[in-house]
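Visitor: task: produce atomic coordinates for the following.
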Amino acid sequence: MQTNHTSAKSDAGRGLLLKGGRVLDYYPADLAAVAQPLVEDTDLRICRGRIAERGAGLAPQPDEDVLALGGATVLPGNINGHMHLYMSLTAGAPQPPHQPSDYKETLAEVWWNLDRSLDKESIYLSVIAGAWDAVRCGTTLIFDNHSSPSCVRGALDEVERAIGEVGLRANLCYEVTDRVGKGLRDSALEETERYLARRREVPDQGVAQYRATVGAHASFTLEDRTLERLAALCDRYNVPTHLHVGESPEDRAVSRKRGWADPVARLLGSGMVRPGSLLAHGVDLTADELAKVAGAGAWMIHCGRSNMNSGSGRAALRHWGDQVALGTNALDVNMWGELRTTFFRGRETRPPDLDLAGAARFWLGGYALARRHFGEAFGSLRPGAPADFVVLDNFQKTPLTTDTWLSHLLYDFHPWDIGSVWVGGRRVYLSGDAPPVSPKLLQETATRLWRSLGWM
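Guide: Prediction:
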């Protein structure tokens, strides 16, 4: 059956042939390979959720859907290295009656106030709203860090259910912290272990849809005994951590006030920084601390627009190593926008804090991070790789080539160019699709949350 990409089926059980696409991908399918961005006009055959064949002039097979692309661009789905989907219904919210005067007040009066207000329904709806925004911006995999102290048991199941409703992949964790008291901290540790055990017991069917890490808030909200217990969970389930580090100077100041070592030294000493760990923000980290994080095999995740919004400072990206990626924290999930802002801000200084090679490193790092956690060749559209990709509408005002791929990411591609998004060979979004839940229900839930927060 031949069709164009605007009317293609999303049945993952059928074979799929993409004809006449201009394909951009970033890596070979070999997990050990380094990035090798490539643009070529080619066909792609998809079978059982993976790229099965690639080449010009592929002939359709029986019972195979054919998408006639007519030169439209195909590229890997975007990766979000750090997100809090539970915050999605704060978009467009009224301003709090008391305006926070610093970062610590913003945490206490806005974000910590919000997570305490979430119940089972609002967790699900917040996450599905954020995941729907993400897929419409071309994102297919999210590393999410969740918090809901008033609804802990089963919270990650609700997060997973909502992400699954949209059809994305995700790495999930619960944000353990002592700021909510020992009882709720213990509940968070139990939820973390429950979900880790569940994920270990569920065998992957092809490419995994979900993975899990051990989550935590910033070190200044974590007692020594909590760090020990978190590290023990990492050892027991052989998973790394996902937490905030040096998001603002308060992380270091509070640690010193309490007589603790500085955050990076303390986390390294506790075993919380290990190969594959995700350390978000890093605004206040020194070059020496960043080198130690890199030496431990961990990843630094930059959330530039969130840092700008919270006034927490600007990370010294020139000192960041090779294992880096981009995240959006709690803002919109437009990864192309995140890349551009990061690059443009890096050009404000002379010499630039971030050059073109640095921008490429941050973008490609997201795929390397996903490869590390899922053991799959994300970022590739070559045989054996997961069939996670975006098809742009057939309008390209300037030529896309192997030499210009980064310039297109920085200056040309926009969410409104997206015609369809596919995960595992299944179409999960078509431009103009209705959302998976009623916008009225989302608006009513957002209003309920805002009232409970005292914002209206």
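
Visitor: and the helices in the stretch 201-350 of the chain, which stretches?
Guide: With DSSP state H, counting those that start in this stretch as the criterion, the stretch 201-350 of the chain has helices at 224-237, 249-257, 263-270, 287-295, 304-310, 335-346.

Visitor: and those, which one's lowest on average pLDDT?
Guide: Sorting those by mean pLDDT places helix 304-310 lowest, at a mean of 89.

Visitor: now do that one: everything it contacts.
Guide: 103, 106, 247-248, 281, 283, 313-315, 326, 328-331, 337-338, 341-342, 345 (C-beta atoms under 8 Å, 6 or more residues apart in numbering). All C-beta spots, glycine's among them, are computed from the backbone N, C-alpha and C.

Visitor: quick check on those residues: which are buried?
Guide: 103, 106, 247-248, 281, 283, 313, 315, 326, 328-331, 337-338, 341-342, 345 (16 or more other C-beta atoms under 10 Å).

Visitor: just those residues: which are in strands?
Guide: Judged by DSSP state E, those include H281, L326 as members of strands.

Visitor: so what's the residue count around the residue lying closest to P415 once chain neighbours are set aside?
Guide: Distances taken as C-beta to C-beta, 6 or more residues apart in numbering place C137 nearest to P415, at 4.6 Å, with adjacent residues excluded. Neighbour count for C137, taken as other C-beta atoms under 10 Å: 24.

Visitor: thinking C137 is in contact with D332, fair?
Guide: Yes. Taking contacts as C-beta atoms under 8 Å, C137 lies within contact range of D332: 7.5 Å.

Visitor: mind checking how far the residue nearest to the spatial centre of the chain is from P97?
Guide: What sits nearest the mean C-alpha location of the chain, by C-alpha atoms, centre = their mean, is N80, with 2.3 Å. Distance of N80 to P97, given as C-beta to C-beta, to the nearest Å: 32 Å.

Visitor: and L326, what are its bridge partners?
Guide: Here L326 sits in beta bridges with H302, as judged by DSSP bridges.

Visitor: tell me how far it lies from P240.
Guide: Distance from L326 to P240, by C-beta to C-beta: 18 Å.

Visitor: residues touching the nearest residue to G384 once chain neighbours are set aside, list them.
Guide: Leaving aside its chain neighbours, G384 sits nearest to A29 (4.3 Å; criterion: C-beta to C-beta, 6+ apart). Residues near A29 by C-beta under 8 Å, 6+ apart: I51, A377, S380, R382, P383, G384, A385.

Visitor: swap in 10 Å and give it another go.
Guide: The contact partners of A29, by C-beta atoms under 10 Å, 6 or more residues apart in numbering, come to 50-51, 54, 376-377, 379-386.

Visitor: let me see the ranges of the strands in the stretch 351-456 of the chain.
Guide: 389-392, 418-423, 426-430 (DSSP state E, counting those that start in this stretch).

Visitor: low-confidence ranges, the stretch 51-200 of the chain, go.
Guide: Along the stretch 51-200 of the chain, segments meeting pLDDT under 70 span 100-112.

Visitor: mind listing the strands for it?
Guide: Going by DSSP E, counting those that start in this stretch, the stretch 51-200 of the chain shows strands at 64-68, 73-76, 78-83, 139-146, 169-174.

Visitor: the first one versus strand 426-430: what angle between them?
Guide: Going back to what we said before, that points to strand 64-68. Strand 64-68 and strand 426-430 are oriented at 40 degrees to each other (axes from the mean of the first three to the mean of the last three C-alpha atoms, to 10 degrees).

Visitor: so what are the sheet partners of strand 64-68 and their directions?
Guide: strand 2-4 (parallel), strand 15-25 (parallel).

Visitor: pull the distance from that strand to the chain's centre.
Guide: Distance of strand 64-68 from the chain centroid (C-alpha atoms, centre = their mean, to the nearest Å) equals 30 Å.

Visitor: got the buried residues for it?
Guide: In strand 64-68, counting by 16+ other C-beta under 10 Å, buried: E64, D65, V66, L67.

Visitor: what about the helices in the stretch 51-200 of the chain?
Guide: Under DSSP H, counting those that start in this stretch, the stretch 51-200 of the chain gives helices at 103-106, 112-117, 120-136, 155-166, 182-201.

Visitor: who are the packing partners of the last one?
Guide: In this case it means helix 182-201. strand 139-146, helix 155-166, strand 169-174, strand 210-212, strand 214-216, helix 224-237 (3 or more C-beta pairs under 10 Å, 6 or more residues apart in numbering; DSSP states H and E).

Visitor: brilliant, that's me finished.
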